[in-house]
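Student: No letters, just coordinates:
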């Protein structure tokens, strides 16, 4: 593989900066909210705001943004959430310190009858803690910023989100209460559990994390032993903030592995699946993969109305059981960069070379589908850009290049406390 | 089941049903004169009752068997046998529609003849009913009584007023469909496994309530016959006890077949308007109404414990859980045992069979066989089918057993590729750092056949390491098990062992 052409540092820098550009384009400067996607009329996604906050330190360090500008943008968002309607009414912004998944870009009120999202609130809070760690100067602005971060984190009632159950619930709606099912199996929510365990005000029980890990499946698949989860983003999201190298919870101690190494193996499993390509989609091979949560073609699209294959639209695509309709997230390879640099850079280079249409204005679109290529236009490409994708690209390239986010969060006392309460030991802890 | 549904009919429709009824409840039957005292009286002649009666009689016991309806019980008459018969035809229609995948052509005029489907089913049911017939029981020396059994003491019962005395008794009264408490459902009429096989015409639009095995199997079959089918399940996935991946693959298969899948959805009201049934569905805060021609419920089963006057016999029971038995299947009355759906959590024909055999040994021959010692596989015969045996991973975690799963996707199995049956997997769970098999889940078109090898290995105490030495005929889909065993063997090649091997080969 080392002989394969790979992506160079200059290209990586261009892609990272372009991805960051999304947050400059999609922001409402008045309240710091960031649009979920670049599509017309897109609401704000609170998770995307969390990613945006996390990228501001990167932008400052790389000289893309003045520190004062980054502070101002962070303060705008943090003040908005502090002052937001926390009544839990159907048109409010949040409840119990949590926030509805999608908000109106201007008023900040709930839209789409979305759920009060536990994981997306965790991503938002993780972003807030990131700026809280980075902006450590003794100026009135940065001191005020840190107080805001503290206030937002401390008011989240994580215990309430258990609703008396063994594990954290996915969401709550004012119309019907908690969504009545749990959230089993390994998924992207380690960051959620760590924040919920680290809270000095409303922590969940330590048993809650054990109850969740009891639903894990440790599998040998394609020759790799790993903690199974199909979509690649699951192996990436919590890792954008937490440096899992060498730290292990009880489960990983038993398996003589850690979550970082696990994500490396998950990346290799993606390659193996793409190499096998059981559904015979165009383009898949060991350097063209990325089944993850992303937008995708849909049978409802007028131009695809005659397509006989089932298409899944926005879905958490995964391996080896799908859903798989030939759609790949081009950005997913770079989001695995810290775990498997050589593999990820080869794949990112290869995919961009073959399907350059997956980029527009140097930003990754959410997905591309070479099986649905049209004459002269190349692969089918998702319209616009999605904030989550841009955020994870900026953060993971940075963790690969300088480990900036990991270093910041290693020093965050709440993260450390949460990890320890979850049973993590060793390494930098 | 008092339903006013135009589909509902129990009238024998053809020579097949006449043959079946002649086998399982002949017209004009007259009960025999009871013996003074029976070694074993069996109440209920479903699978458990028939197995126990035949086994006990073969060993020389004087046996009476009481049945209030049809010999063969649910399995033969309204369960496994008819459902598997129609599922086979449904699968054929699916294959014909997908003929292009096999390099074949879909027939130009592909029409479903539902009457022929049901006639074939009745023929199969009649044929299999010969094994359960009253004539075979008589030949075996069993006294067969048709009628309602009612205990009158700790060692007596009556059948339609005639007294029978027993040394030991077995309650094998089975279970019946649970009727969901949905306002308007009973008034509108609905189907269960007890009457769905009496249908004479295919409902144009069908709502299946419940995503358990029965609901899943029949939803897929009726969809493949051409019914516009909606399945509503009050959980995020079908078959909630099964592995997440298995249930996910099933959801995908349903969607591929054209079933409208409504997960996290409850039916909350039913009403009839203009000859159609309008059903209100609620998913979180999303409400909708669907119009259908028939509703099929598959929302669990409740044991038949009513009307037996169990109090008189001193037999403890629970209306939801059934007869209370110990691990030896003995009730609170030491003379009286239970088997099958009337007392078991796992309501399958093969567990009814196995439990009945335990009862014969324990009740008549001082046996001490335990129910908990059984290794019980099961299978839901959807396409792909979902089979399981032993522990699930979560159960292993609950028992603090470290577990590792060897997974072989069916797309890595040559025969599955050749058969265009690549959807699914074989997952074998072993105790971490050993080859001891704790359980397995298989999703494959023929998962029910493949699981038997794992069950055999578990019962015989054969580990994955040994299975790697078992030569499997090539190409077969069961080769997936060999591949899992090979994967296990590869994990034994630690870096140290690999270095030693390299040293040896260099030497």
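Tutor: Here it is on my side, so go on. For clarity, every value in this text was computed on a predicted model and none was experimentally measured.

Student: In contact with the residue positioned nearest the centre of chain B, which residues?
Tutor: In chain B, the centroid-proximal residue (CA atoms, centre = their mean) is residue B:348; its distance is 4.4 Å. With contact set as CB atoms under 8 Å, 6 or more residues apart in numbering or on different chains, residue B:348 has these partners: B:376, B:378. In short, each C-beta sits where N, CA and C put it, glycine included.

Student: Please name the nearest non-neighbouring residue to the residue most central in space within chain A.
Tutor: Taking CA atoms, centre = their mean, the centroid of chain A lies closest to residue A:237, which sits 3.9 Å from it. Leaving out its chain neighbours, the residue that sits closest to residue A:237 by CB to CB, 6 or more residues apart in numbering or on different chains is residue A:188, at 4.0 Å.

Student: How many residues are close by the one you found?
Tutor: 21 (other CB atoms under 10 Å in any protein chain shown).

Student: mind checking the SS state of it?
Tutor: With DSSP: H, G, I helix; E, B strand; the rest coil as the basis, residue A:188 sits in coil.

Student: same check, this time on residue A:347
Tutor: Here residue A:347 is recorded as helix under three-state DSSP.

Student: Quick one: residues contacting it.
Tutor: The contact partners of residue A:347, by CB under 8 Å, 6+ apart, come to A:271, A:286-290, A:333.

Student: And those residues, which is closest to residue A:93?
Tutor: Among the contacts of residue A:347, residue A:290 lies closest to residue A:93 (CB to CB), at 33.5 Å.

Student: Show me which residues of the stretch 151-300 of chain B are close to chain A?
Tutor: Proximity of the stretch 151-300 of chain B to chain A, by CB under 8 Å from any CB of the partner chain, involves residues B:235-236, B:243-245, B:248-249, B:252, B:255-256, B:264, B:284-285.

Student: where does chain B dip in pLDDT?
Tutor: Along chain B, segments meeting pLDDT under 70 span B:1-13.

Student: the domain parsing of it - what is it?
Tutor: Using automatic domain parsing, the domain parsing of chain B gives B:16-177+B:302-373, B:185-299, B:384-495.

Student: hang on, the earlier thing: now the contacts of residue A:347 as a markdown table including neighbour count and pLDDT?
Tutor: A markdown table is the format used below for the contacts of residue A:347 (neighbours: other CB atoms under 10 Å in any protein chain shown; pLDDT from 0 to 100):
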| residue | neighbour count | pLDDT |
| --- | --- | --- |
| A:271 | 24 | 97 |
| A:286 | 19 | 96 |
| A:287 | 22 | 97 |
| A:288 | 23 | 98 |
| A:289 | 29 | 98 |
| A:290 | 30 | 98 |
| A:333 | 33 | 97 |
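
Student: Output those in JSON lines, with distance to chain B and secondary structure appended to each entry.
Tutor: Formatted as JSON lines, the contacts of residue A:347 follow (distance: CB to the nearest CB, whole Å; DSSP: H, G, I helix; E, B strand; the rest coil):
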{"residue": "A:271", "distance to chain B": "15", "secondary structure": "helix"}
{"residue": "A:286", "distance to chain B": "16", "secondary structure": "coil"}
{"residue": "A:287", "distance to chain B": "20", "secondary structure": "coil"}
{"residue": "A:288", "distance to chain B": "18", "secondary structure": "strand"}
{"residue": "A:289", "distance to chain B": "15", "secondary structure": "coil"}
{"residue": "A:290", "distance to chain B": "19", "secondary structure": "coil"}
{"residue": "A:333", "distance to chain B": "22", "secondary structure": "helix"}
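
Student: Residue 146: how many residues sit nearby?
Tutor: Here I'm looking at chain A. Residue A:146 has 19 neighbours, counted by other CB under 10 Å.

Student: Actually, chain B is the one I wanted.
Tutor: By other CB under 10 Å, 20 other residues sit near residue B:146.

Student: quick one, helices of chain A?
Tutor: Here chain A has its helices, by DSSP state H, at A:9-25, A:46-61, A:67-83, A:118-134, A:140-154, A:190-198, A:206-213, A:250-255, A:259-276, A:332-335, A:341-354, A:387-401, A:404-410, A:413-421.

Student: Turn those into TSV, including distance to residue B:418.
Tutor: Output for the helices of chain A, formatted as TSV (distance: least, CB to CB, whole Å):
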stretch	distance to residue B:418
helix A:9-25	43
helix A:46-61	45
helix A:67-83	57
helix A:118-134	42
helix A:140-154	57
helix A:190-198	41
helix A:206-213	40
helix A:250-255	36
helix A:259-276	16
helix A:332-335	32
helix A:341-354	31
helix A:387-401	39
helix A:404-410	48
helix A:413-421	49
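
Student: ranking those helices by mean pLDDT, which is last?
Tutor: If the helices of chain A are sorted by mean pLDDT, helix A:206-213 sits at the bottom with a mean of 92.

Student: chain center to that one, what's the gap?
Tutor: A distance of 22 Å separates the C-alpha centroid of helix A:206-213 from that of its chain, computed with CA atoms, centre = their mean, to the nearest Å.

Student: packing partners for the longest strand seen in chain B?
Tutor: In chain B, with assignment by DSSP state E, the single longest strand is strand B:162-171. The contact analysis (3 or more CB pairs under 8 Å, 6 or more residues apart in numbering or on different chains; DSSP states H and E) places strand B:162-171 against strand B:38-43, helix B:47-58, strand B:63-67, strand B:156-159, strand B:336-338, helix B:349-364.

Student: Other residues contacting the last one?
Tutor: When contacts are taken as CB under 8 Å, 6+ apart, the neighbours of helix B:349-364 outside the stretch itself are B:39-40, B:46-49, B:51-52, B:55-56, B:59, B:61, B:75, B:79-80, B:168, B:170, B:172, B:328-330, B:337-341, B:343-344, B:367-371, B:374, B:376-378.

Student: Quick one: residues contacting the residue of the stretch 1-150 of chain A found nearest chain B.
Tutor: Distances between the stretch 1-150 of chain A and chain B by CB to the nearest CB are smallest at residue A:113, namely 6.5 Å. Going by CB under 8 Å, 6+ apart, residue A:113 touches A:90, A:173, A:175, B:285.

Student: Ramachandran angles for it?
Tutor: Phi and psi for residue A:113, reported as degrees, to the nearest 10, are phi 50, psi 40.

Student: and it, what pLDDT?
Tutor: Looking at residue A:113, its pLDDT is 95.

Student: residue contacts, residue A:193?
Tutor: By CB under 8 Å, 6+ apart, the residues touching residue A:193 are A:168, A:204, A:208-209, A:212, A:418, A:422.

Student: So what's the residue count around residue 245?
Tutor: If you meant another chain, say so; for now it's chain A. By other CB under 10 Å, 16 other residues sit near residue A:245.

Student: you looked at the wrong chain, it should be chain B
Tutor: 23.

Student: Okay, buried residues for the one helix or strand it maps to please.
Tutor: Secondary structure assigned from DSSP states H and E places residue B:245 in helix B:244-257. Neighbour-count burial for helix B:244-257 flags B:244-254, B:257 (criterion: 16 or more other CB atoms under 10 Å in any protein chain shown).
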